[in-house]
Each structure stands twice: as C-alpha cells, then as structure tokens.
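**Q** No letters, just coordinates:
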C-alpha cells in the first residue's frame, strides 16, 4: 500500500515499516512521523511512501518450491488453526472454561488430510513475522505428531487424542507475558525458568476439563520430560512418562530448530536430524528418533514464504532478489543483492548465499508496489 506524504500529519503512526519507491527504509514500524521527518521527506522530494500491510489470514501458505509434490495439509486446516490461536489467546487470559469443540474439528480436518495424503509432502507453515509463539508452531507440531501416530498404525481415537495434546501442548504459554514467550534474544536463566512453567500452567487450565482425555492432559504436562530424567516439570524418566508425550517432544524439537530466530538462523533438516540422533536415549526415545528419521524426514517440506524473483530486506538493510532455493534450507536462499548496506543501488548485483553466509537473515518482504518497480530495474535471472 502507498500513502501520499502530503496527507501525513506529525504524530501519525503506521504499524508497518515505511519505504520510499527505491526500497529505502524511511521509518520503522510504529514510530511516529515528526515534523523534522516530514520536512526531510519534502527536501528529498519523496512524495509517496509505501508499506506492506500484513494479513496472516491471507498468507500464501500453499506456495511450494518448484517441482515439489502435492502438500499434505490443506488450506481449511491452516485457516482454522489461525482462528483457534486467536481464540485461545483471548480465552486463556480468563479463568473460565476452555471450549474444545473447535479444536476437535481442527484435529479431524488434519486427520482427514493425512489419511488422504499420508505419503505426500508434509507442508510446515512458516510466517514472516518475528513472532515466535504462533499458530504455525502449534499446527506444525500437531501435523508431525499425527503423521507419526498414523504411520505407527494407531487407531483413530488414539491419533485424535495425540493430536489434541499436540495442538494444546503449549497452552500454558498463553498465560505467560507476551514479551517473554516472543522474546527475540536468548533467555536469561530466570526467564527460562519462568518459561518452563508453561507445562504446569497448561495442565492446570485443563485438569478438570471433561472434554479432554487423560492422555491429552498428560501430553500437555509432560512433553518436555527427558528419557534419562533431566527434563521438566517433574524430572521423570521414560518408564514414568510412557510413550506418547515423546511423540510430541520430537515434533516440537524439530519444528523449533528448523525455524528462523532473530538470534540464529534455522538449522538445516540434515543438521537437525544429526542433533536428534545425538540426543537419542537422553532427550528422546531411540525408537521414536529412528522412526521419525526413517518415516518422516524425507517427506517434510519446510516452505519458504518468499517466491522466486521477489525482493526481500536483510537485517543488514541490504535488498536482495531471490534467485534460487537451497533444497535443505529453503528459507535461506541464494540472493542477487541489488542494494548494498550503504543504500546504493548496484549496477552490477552480486550473488549472496544465505546458507553459507549465516551472519545475515531475511528481515521482511517489500511492499508490492516496490516489488514491481524493482522488477523493472532487475528482471528475474537464472543461476
């Protein structure tokens, strides 16, 4: 979207980063326009500014890497997960009874998709927002857990209980301060201890809820327990925890490690699988680790939200055009850098591979109007 600078008054706040027509950052999100900033724009003869209005409900989560096979989870399930996340955000702040009916509907939708496409690519949802705790994480963990359960051959009622526990595994985080669960830097020791309380907080929220089975409740409480007893909240061992919470545990670990953070890049699937192997018998059950690697790893598609040919902004302020995907790390693609960190548009762009240059991360996409202008200057290329 665009806005004429003639209509911007001092004190105006826009909830998105503002750019000029060349893609240069004019003002960060939620920073008010001042008289001096407006005067600066006038002196630079910037008559129109641009911003991208984010709308997760219309996010193109079906975008695939070219040549990939059909996705396992379809758009209705993705949309319902986003709606449920918003409802849980509101309802969990109250002390009332949690309505579980819609969550059962979501789990049935996912099970239906999985039954139809059990050997299709498992499409994990990725959001461009810096928000760590999101519906995407809950949905991804649920999908992975249900696929594990289905490939095990568990009966439908058991698969459903595992799915419910998976979607609600982080329920207690809704009770914690938003600035804690979505912190963009590493946790201090005290912050991490507070974050760990989400298991017991979630369990207390559903302890007496007759709509949930004891297995789903057990998953919410024990999904961070470790095989050798070093987990939390109770420090239980494998015999005390049982089998099913570890299904959610490995799904949770996989999704967390393959997701970008502001303080680290996402690990490649290959590296995550190596970490899972190294922690087998300590954090997770060796059998589940082996089963996960054998039956799921080759079918997982970590989808990029940035299509080929589009322009993105790096955290270094450079602007790059996506020219190729790295197969095992699609969210760290190869870029053609068209604007350097000094703000200079380059006559001779150069290639940067985010897979090898781990010091830089994609910050956000550019608004559509700027994308079109940059495409006129830099048509797509093949490398």
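**A** Yes, it's here. A quick note: this is a predicted structure, and the numbers were derived from the prediction, not measured.

**Q** Which secondary structure state is assigned to the residue sitting nearest the centre point of the chain?
**A** With the centre of the chain defined as its mean C-alpha position, the nearest residue by Cα atoms, centre = their mean is residue 126, 4.1 Å away. On the three-state scheme (DSSP: H, G, I helix; E, B strand; the rest coil), residue 126 is labelled coil.

**Q** distance of it from residue 222?
**A** As for residue 126, its distance to residue 222 is 28 Å (criterion: Cβ to Cβ, to the nearest Å). (C-beta placed from N, C-alpha, C; glycine too.)

**Q** What of residue 243?
**A** With Cβ to Cβ as the criterion, residue 243 and residue 222 are 11 Å apart.

**Q** Which of the two has more residues huddled nearby?
**A** Using other Cβ atoms under 10 Å as the criterion, residue 243 and residue 222 rank with residue 222 on top: 25 against 11.

**Q** in a helix, that's where residue 104 is, yeah?
**A** Yes - checked against three-state DSSP, residue 104 lies within a helix.

**Q** Got the phi and psi for the closest residue to it other than its chain neighbours?
**A** Residue nearest to residue 104 in three dimensions, not counting chain neighbours: residue 164, with 7.0 Å by Cβ to Cβ, 6 or more residues apart in numbering. Here is the backbone geometry of residue 164 (degrees, to the nearest 10): phi -60, psi -50.

**Q** Am I right that residue 164 is in contact with residue 102?
**A** No - Residue 164 is beyond contact range of residue 102, at 11.5 Å (criterion: Cβ atoms under 8 Å).

**Q** higher neighbour count, those two?
**A** Higher neighbour count among residue 164 and residue 102: residue 164, with 25 against 13, using other Cβ under 10 Å.

**Q** how near is that one to residue 100?
**A** In terms of Cβ to Cβ, residue 164 sits 7 Å off from residue 100.

**Q** anything in contact with each of these two?
**A** residue 212 (Cβ atoms under 8 Å, 6 or more residues apart in numbering).

**Q** neighbours of residue 249, just the number please.
**A** 26.

**Q** my guess is it is in a strand, correct?
**A** No - if the criterion is three-state DSSP, then residue 249 is helix and not within a strand.

**Q** contacting residues around the residue lying closest to it once chain neighbours are set aside?
**A** Counting by Cβ to Cβ, 6+ apart, residue 223 is the residue found nearest to residue 249 once chain neighbours are left out, at 5.3 Å. Going by Cβ under 8 Å, 6+ apart, residue 223 touches 165, 169, 199, 245, 248-249, 252.

**Q** Out of the residues you listed, flag the one nearest to residue 317.
**A** residue 252 (33.8 Å; Cβ to Cβ).

**Q** secondary structure class for residue 350?
**A** Residue 350 - assigned by three-state DSSP - is strand.

**Q** Correction: the previous question concerned residue 336.
**A** Residue 336 ends up strand, using three-state DSSP.

**Q** Next: the one 10 residues further on.
**A** Reducing the assignment at residue 346 to three states with three-state DSSP gives strand.
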